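Novice: Dropping the sequence and predicted coords here.
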Amino acid sequence: MQQHSADHSFTGACAHRMRAIDDTLDILSGKWKLAIIARLCHQPMRYSALLREVTGISGKVLSRELQDLETNGLIVRHVATSKPLTVTYSLSETGRSLTALTDSLAEWGLAHRARMMQADK
């Protein structure tokens, strides 16, 4: 194990920001939450549409992730009492505040892909 010459613990305002980042990552952690949020940024979606759009996710995992996002106040579950019963999911006001984050991630991803493709030439 490598020894560090100095203790790099954060203090003051920096420590406060690091705790906030840790809290955010805890809420958004995992492979699927940001993918779900990104799809809901554009329009409310039914469960079956989310299952199709989030490539690779299982139904069981999607259900669990939607419950977590609802518990954390990021999405709203709407149940229409029509026949057949329909359930749609949309971003809450708090969830919509993540749109800038998903937009930034998309922009970074596009730029990174372009850099990598340019490096391959």
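Specialist: Perfect, thanks for sending it.
Novice: Could you report the distance from residue 58 to residue 65?
Specialist: Using CB to CB, to the nearest Å, residue 58 is found at 10 Å from residue 65. (Each C-beta comes from the backbone N, C-alpha and C, glycine too.)
Novice: burial count for residue 70?
Specialist: Neighbour count of residue 70, defined by other CB atoms under 10 Å: 15.
Novice: which SS state does the closest residue to it other than its chain neighbours fall under?
Specialist: Nearest non-adjacent residue to residue 70, counting by CB to CB, 6 or more residues apart in numbering: residue 77, 5.7 Å away. With DSSP: H, G, I helix; E, B strand; the rest coil as the basis, residue 77 sits in strand.
Novice: All further residue positions should be reported with the first residue as 26.
Specialist: Got it, the first residue is 26 from now on, which makes the last one we talked about residue 102.
Novice: is residue 102 in a bridge, and if so with what?
Specialist: residue 114 (DSSP bridges).
Novice: Just the pLDDT for it.
Specialist: At residue 102, the model reports a pLDDT of 97.
Novice: wait, what's in contact with it?
Specialist: The neighbourhood of residue 102, defined by CB atoms under 8 Å, 6 or more residues apart in numbering, consists of 91, 95, 112-114.
Novice: hang on, the earlier thing: neighbour count winner among residue 83 and residue 90?
Specialist: Higher neighbour count among residue 83 and residue 90: residue 90, with 21 against 11, using other CB under 10 Å.
Novice: Can you tell me the element residue 34 falls in?
Specialist: Under DSSP states H and E, no helix or strand contains residue 34.
Novice: Name the nearest residue to it, sequence neighbours excluded.
Specialist: Using CB to CB, 6+ apart, the closest residue to residue 34 is residue 40 (7.7 Å).
Novice: Can you give me the distance of the one you found to residue 54?
Specialist: 20 Å.
Novice: ok, now residue 135?
Specialist: For residue 135, the distance to residue 54 equals 24 Å [CB to CB].
Novice: Same question for residue 126.
Specialist: From residue 126 over to residue 54 (counting by CB to CB), the distance is 14 Å.
Novice: More neighbours: which of these two?
Specialist: Applying other CB under 10 Å to residue 126 and residue 54 shows that residue 126 carries more neighbours, namely 15 against 11.
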